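Engineer: would you be able to build a 3D model of this:
(one chain, ligands or ions: 1)
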Amino acid sequence: MTAIDSTDARFRPGSRERASDTSAESDTAPRRVSSHRTYLMCRPEHFTVSYRINPWMHPQEPTDTRKAVEQWTTLYETFVRLGHDVHLIDPIPGLPDMVYTANGGFIIDGVAYGALFTYPQRAPEGPAFMEWFGQNGFRVVEPKQVNEGEGDILLVGTRILAGTGFRSSVESHRELAEVFGREVVTLKLVDPRFYHLDTAIAVLDPLDGDENANIGYVPAAFDEASRRKLEELYPDAVIVSEEDAGILGLNSISDGYNVVIAKRAVGFEKQLRERGYNPIGVDLSELLRGGGGVKCCTLELRR
Ligand code: ARG
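Structural biologist: Okay, here's the model as predicted:
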């Protein structure tokens, strides 16, 4: 996997430079272009696993908060070195899952649709994130329906993919369509390991309209009808193995060229390289104990 060097032009947003050490890329792979992003993250100072709301969580097993902070810091520094802006929300004691900022809301064009969490353990995070959005210049839309933000709501091109089955309600998909006036495609999750949509789908080319928009996904996460919908919408999608998806390899962040993924997802890494992307592996093993990976720790702020 590629080591990051901040002086390397490849990692600067908008850069079209290609490095010489990417010989694994096929000659036919399209040229990918990164674009500048803004993210919201939360230092896992109070991270632990004290309750179980997904099958990854084992409260009886000890967690190492220091290690979680260290691993998280590597992710934070990776985004910064790639040239992206990262904002931070203050962690709140007693909210150990607040590190998973993807669940804090869903934002397009400066409008922040807030989260309404499924489980009471995370409920106070909803207002905390909405307060941050309001204080930082976003127009906040308070949700009436249960939804867990970008965990279940993904912007792909101009289209919104929305997950349901474990957390976010179908009613929230209708609310979303009203708030943003965009097409919302409902996808039903059926495998409890992939309880949020961002554990089953990776958004790869988000910014240049629907034509080139592409995703990676694990078909086993979805019911039959949703699988068919995905095949129809993204015939060129990267089909990821259950092995890679099963360590939350799909839970990743792409800027159009650089794709920050779980270090252990070596099959997905290879697939991305073949397609002309630049996968960058990070190890978030401690945060995986809460059932989250790269994407869960990252909320995209779109002005
Ligand atoms: N423990 C958290 C929960 O179950 C993990 C959230 C992961 N976030 C995500 N975007 N998939 O809610």
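Engineer: and for the nearest residue to R159 once chain neighbours are set aside, the neighbour number?
Structural biologist: Distance criterion CB to CB, 6 or more residues apart in numbering; nearest residue to R159, sequence neighbours excluded, is E183 at 5.1 Å. The way it works is simple: take the backbone N, C-alpha and C, and place the C-beta from them, glycine included. Close neighbours of E183, defined as other CB atoms under 10 Å, add up to 12.
Engineer: and E183, how far is that from the ligand?
Structural biologist: Distance of E183 to the ligand, given as CB to the nearest ligand atom, to the nearest Å: 22 Å.
Engineer: same check, this time on V282
Structural biologist: Distance of V282 to the ligand, given as CB to the nearest ligand atom: 16 Å.
Engineer: equivalent analysis for L187, please.
Structural biologist: Separation of L187 from the ligand (CB to the nearest ligand atom) stands at 14 Å.
Engineer: now do the SS call for the closest residue to that residue other than its chain neighbours.
Structural biologist: Nearest non-adjacent residue to L187, counting by CB to CB, 6+ apart: S226, 4.3 Å away. Secondary structure state of S226, per DSSP: H, G, I helix; E, B strand; the rest coil, is helix.
Engineer: any idea how many residues pack against S226?
Structural biologist: Neighbours of S226 (other CB under 10 Å): 23.
Engineer: can I assume the residue nearest to R159 is in contact with V156?
Structural biologist: No: here E183 lies out of contact with V156, judged by CB atoms under 8 Å, at a distance of 10.4 Å.
Engineer: could I get the contacting residues of Q121?
Structural biologist: Counting by CB atoms under 8 Å, 6 or more residues apart in numbering, Q121 makes contact with Y51, I53, D97.
Engineer: show me which of the residues you listed is closest to D90.
Structural biologist: The shortest approach to D90 among the contacts of Q121 belongs to D97, at 14.9 Å (CB to CB).
Engineer: what segments of the stretch 201-303 of the chain are strands?
Structural biologist: Assigned by DSSP state E, counting those that start in this stretch, the strands in the stretch 201-303 of the chain fall at 201-203, 215-217, 238-239, 253-254, 258-262, 278-282, 299-300.
Engineer: same question, the stretch 1-150 of the chain
Structural biologist: Along the stretch 1-150 of the chain, counting by DSSP E, counting those that start in this stretch, strands occupy 38-41, 85-88, 105-108, 111-114, 139-141.
Engineer: flag every residue of this protein that's near the ligand.
Structural biologist: For the chain, the residues in contact with the ligand (CB under 6 Å from any ligand atom) are 53-54, 57, 97, 100, 102-103, 122, 151, 196, 198-199, 290-292, 296.
Engineer: between these, which sits nearest R302?
Structural biologist: Closest to R302 out of the residues of the chain next to the ligand is A102 (13.5 Å), distances taken as CB to CB.
Engineer: low-confidence stretches in the chain?
Structural biologist: Where the chain drops to pLDDT under 70, the residues are 1-27, 206, 208.
Engineer: try 50 this time
Structural biologist: The chain contains residues with pLDDT under 50 at 1-23, 25.
Engineer: run the chain-centre distance for the longest helix seen in it.
Structural biologist: Criterion DSSP state H: the longest helix present in the chain is helix 65-81. How far helix 65-81 lies from its chain's middle: 16 Å, per CA atoms, centre = their mean, to the nearest Å.
Engineer: before we move on, what about stretch 105-125?
Structural biologist: That offset, for stretch 105-125, works out to 14 Å (CA atoms, centre = their mean).
Engineer: can you pull the buried residues of that stretch?
Structural biologist: 105-108, 111-118, 121-122, 125 (16 or more other CB atoms under 10 Å).
Engineer: next, the distance between the ends of it.
Structural biologist: By CA to CA, to the nearest Å, the extent of stretch 105-125 from end to end equals 10 Å.
Engineer: before we move on, the earlier item: so the residue nearest to L187 is in contact with F194, correct?
Structural biologist: No: S226 lies out of contact with F194 (CB under 8 Å); the separation is 11.6 Å.
Engineer: check contacts around the residue nearest to L187.
Structural biologist: Applying CB under 8 Å, 6+ apart, the residues contacting S226 are T186, L187, K188, L189.
Engineer: let's have the residues you listed in CSV, adding secondary structure.
Structural biologist: Shown next, in CSV, are those (three-state DSSP):
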residue, secondary structure
T186, strand
L187, strand
K188, strand
L189, strand
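Engineer: okay, helices next: where are they in this protein?
Structural biologist: So, for the chain - with DSSP H - the helices run 65-81, 125-135, 170-180, 224-233, 242-245, 266-274, 285-288.
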